[in-house]
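could you look at this predicted model? Sequence included:
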Amino acid sequence: MNRGLWMAGAVLSAVAASAHPISIMTGQALVRTNEVTVKLEVMVEDLMLFQGILLNEEGFLNRSDIEAAKEWHQATLIESFMIRDVEGARLAGEVVRREAAPVPPRGYEVGTLMQHFITYHLRYPLLSPPTHLTFQQVVGREAGMIPATLELEVLQVGMGMPEVVNLSNAGNTETIEFVWDADEGRAGESPAEAWQRRREERKQARMGITSYDSVYGFVYITDREVRTEILIPLATLETWIAVPRRDPFFLEVEEQAAARERLVKFFRGKNRVVIDGIQVQPTLQRLDYYGVRFTDFAMRPEPDRLSVGSARLGAVLSYSTKGPPARVDITWEYFNAAIFSAKTVVYANNETVQRAFTVYRPVFSWNNPDKREWPQIAVIEARKRALTEAEAAELAGVLVRNIYRAFDYHAEGDIYDALAHSVHGPLLADLYLKIRDGLVMQEQGGSMATVQEVHVVQAGAVRRGKDRAFSVVLTWTVEGTVEHWGHIHTRVNQYTAEFSVQPVEAAWKITAMNVTDLRRVRYQVRLRSF
């Protein structure tokens, strides 16, 4: 055999036997108020993989090739390792020094390449303390897409344990929040304990949405609907469907709007929901883009230019029920080569279940332990005698509560039928629109509140009319709630109105209503307890 061919085959065999299947780098990022300093450690073997350096006939990497590779890697590192600020702007950095043991004159033998390291020190100046930083690396991607991972420890100066993120040179991003005005700690707390407590407090405040790069789900099972809410990073979404844009790093408002139709089709085509044995098609209620600053996803964001590395999409899909469901089966389908699990919280009436959907466990089934039916709103019989003043005031209060109970139904026709038990004539359509509009929370993107309580605060003097008819001024409060993303938004409004009530076909009904005062009493946001 030709000696040259034999030697080439031997060298290739040695490389195959010793080389790592992927490049594995490690690093630390120290975040201060005025700078980020980064230390990246690279194996000599990685330089060989990235640059295709050939071994000599003795199975060694020549010293001159290694030194040249160090320089090349240093020159490309600032471009291939990226840090972006809260606005998505890339931080300008520089390599301030390089550390490595001297290379022997003969170079390194192929079997020892993983034992030798080069450490690069980088510095990224900051103009102000960062609130969020997004990390990304594409080291070696130009060299034939050699797989390369970076395990990066990110530590905020003065805090406890570091955040550990794993970055692939496929380009995934990881975003981390930094808090600089936190409290100084409680009595007896160590700095590490204070840091851990603050981290848990932030986690609770965000209902567990602590990662900018994970897929989250919230599932609500109510008498009127099954609702799924999916929060997904844009970068993850694009492993299924592209969102076209001019700048690969930013998404403009008009580009967000242009992609809406395609995204609606995508989200409506995922997940299988079966209610009482029947597969139900969803209605997409909301599709919102969120930037890095957003923490309360129940609020509708204002359209804005977004950094692709930290942008997320929130989709809310509703599956209508025909009444309180007896059984619900949900098959989670947001899985592919890039995503294997989704952290999910299921709220089934008053039951809360934390669940991680995975490719191996994609189905959640729920059986209703409470065999409830739709509320029955009875007709109030008008007996053939005049009511006392106390009875008339109480009757008016019951009719007002019945009006709101009608909106426990979902379909417009069912609501009208329930309202007709307590309202008569042209007032029926007018009252339907007024009550419906009063239950809409504009701050929640037009979501209709669920009425929790109607309380009559005060009843004025009763004025008598013909044939047992009467009028009375009532003041009452309505407490309504809207839930999204684990947050309960509660609003209490107070109304004052004059009602006219009379017997119609042997039943007491409201025939006229004039609202004289409306004010908001309370608005608050709280978290659903686990």
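Everything's here; your move. Numbering: from 1, shown residues only.

what residue ranges in the stretch 1-150 of the chain score low on pLDDT?
Where the stretch 1-150 of the chain drops to pLDDT under 70, the residues are 1-22, 142-145.

in the protein, which residue is closest to the centre?
For the chain, the residue nearest the mean C-alpha position is L231 (3.6 Å; Cα atoms, centre = their mean).

elements contacting whichever strand or helix holds it?
Under the criterion DSSP states H and E, the helix or strand holding L231 is strand 225-233. If contacts are counted by 3 or more Cβ pairs under 8 Å, 6 or more residues apart in numbering; DSSP states H and E, strand 225-233 sits against strand 216-221, strand 272-275, strand 312-320, strand 327-331. For every residue, glycine as well, the C-beta is placed using N, CA and C.

can you pull the pLDDT of the closest residue to S341 other than its chain neighbours?
What sits nearest to S341 in space, not counting adjacent residues and going by Cβ to Cβ, 6 or more residues apart in numbering, is T358, at 4.6 Å. Predicted confidence (pLDDT) at T358: the value is 91.

ok, T358 - contacts?
With contact set as Cβ atoms under 8 Å, 6 or more residues apart in numbering, T358 has these partners: F335, F340, S341.

closest one of the residues you listed to T388?
T388 has its nearest neighbour among those in S341, at 64.4 Å by Cβ to Cβ.

for V215, see how far away that closest one is.
For S341, the distance to V215 (Cβ to Cβ, to the nearest Å) stands at 8 Å.

what does Y334 give?
In this structure, Y334 and V215 are separated by 6 Å, where distance is defined by Cβ to Cβ.

E255 too?
As defined by Cβ to Cβ, E255 lies at a distance of 22 Å from V215.

when those two are compared, which one has more neighbours?
When neighbours are counted by other Cβ atoms under 10 Å, E255 and V215 differ, and V215 comes out ahead with 23 against 17.

if the closest residue in space to the more buried one that isn't next to it in sequence is in a bridge, with which residues?
Nearest residue to V215 in three dimensions, chain neighbours excluded: A342, at 4.3 Å (Cβ to Cβ, 6+ apart). According to DSSP bridges, the residues that bridge with A342 are F357.

again, but for I488
E483, R526.

same thing with A507?
E381, V504.

report how many residues lie close to it.
A count of neighbours around A507, defined by other Cβ under 10 Å, yields 15.

that one against A420, yeah?
No. If you go by Cβ atoms under 8 Å, A507 and A420 don't touch, sitting 9.9 Å apart.

now do the same contact list for the residue nearest to V215.
When contacts are counted by Cβ under 8 Å, 6+ apart, A342 is found next to S214, V215, Y216, G217, I230, W332, Y334, A356, F357.

stretch 325-339: how far from the chain's middle?
Its chain's average C-alpha position is 17 Å from that of stretch 325-339, according to Cα atoms, centre = their mean, to the nearest Å.

buried residues of it, list them for me.
Judged by neighbour count (16 or more other Cβ atoms under 10 Å), stretch 325-339 contains these buried residues: P325, A326, V328, D329, I330, W332, Y334, F335, I339.

next one: the third one from Q502, what distance?
Right, V328. From V328 across to Q502, the span is 44 Å (Cβ to Cβ).

same check, this time on the first one
Noted for P325: a distance of 40 Å to Q502, by Cβ to Cβ.

same deal with the second one?
Between A326 and Q502 the computed distance is 41 Å (Cβ to Cβ).

grab the nearest non-local neighbour of R227.
Nearest-residue entry for R227: Y220, 4.3 Å, with adjacent residues in sequence omitted and distances by Cβ to Cβ, 6+ apart.

wait, doesn't N514 sit right on E498?
Yes. Between N514 and E498 there is a contact under Cβ under 8 Å: 4.8 Å.

more neighbours: which of these two?
Neighbour comparison, N514 and E498: the larger count goes to E498, with 15 against 11 (by other Cβ under 10 Å).

list the contacts for the more buried one?
Under the contact definition (Cβ under 8 Å, 6+ apart), the residues listed for E498 are S471, V472, V473, A512, M513, N514, T516.

name the helices or strands packed onto the helix or strand hosting the fifth one?
Applying DSSP H and E as the criterion places M513 in strand 507-527. Counting by 3+ Cβ pairs under 8 Å, 6+ apart, the packing neighbours recorded for strand 507-527 are helix 389-405, helix 427-439, strand 470-484, strand 487-504.

least confident of these, on average?
helix 427-439 (a mean of 85).

gap between that one and the chain center?
If you compare the mean C-alpha spot of helix 427-439 with that of the full chain, they lie 33 Å apart, counting by Cα atoms, centre = their mean.

and it, what's buried?
Using 16+ other Cβ under 10 Å as the burial criterion, the residues of helix 427-439 that qualify are L427, L428, L431, Y432, I435, G438, L439.

would you confirm that the first one contacts N514?
The one in question is L427. No. Here L427 lies out of contact with N514, judged by Cβ under 8 Å, at a distance of 10.6 Å.

before we move on, the earlier item: reformat the helices and strands packed on strand 507-527 as TSV; add distance to F50.
Written out in TSV, the entries for these read as follows (distance: least, Cβ to Cβ, whole Å):
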stretch	distance to F50
helix 389-405	68
helix 427-439	61
strand 470-484	46
strand 487-504	47
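
compare the ones you listed and give me the one nearest G93.
Each of the helices and strands packed on strand 507-527 was checked against G93 via Cβ to Cβ, and the shortest separation belongs to strand 487-504, namely 37.9 Å.

just want the angle from the closest one to helix 427-439.
Between the direction of strand 487-504 and that of helix 427-439, the angle (axes from the mean of the first three to the mean of the last three Cα atoms, to 10 degrees) works out to 160 degrees.

what's the angle from strand 487-504 to strand 507-527?
Between strand 487-504 and strand 507-527, the angle formed by their directions is 170 degrees, by the same axes, to 10 degrees.

let me know the angle separating strand 487-504 from strand 470-484.
Going by the same axes, to 10 degrees, strand 487-504 makes 160 degrees with strand 470-484.

distance between strand 487-504 and the chain's centre?
Offset of strand 487-504 from its chain centre (Cα atoms, centre = their mean): 34 Å.

measure G269 to T321 for me?
Using Cβ to Cβ, one gets 21 Å for the distance from G269 to T321.

how does this protein divide into domains?
Structural domains annotated on the chain: 3-190, 216-367, 389-527, as defined by automatic domain parsing.

thank you, goodbye.
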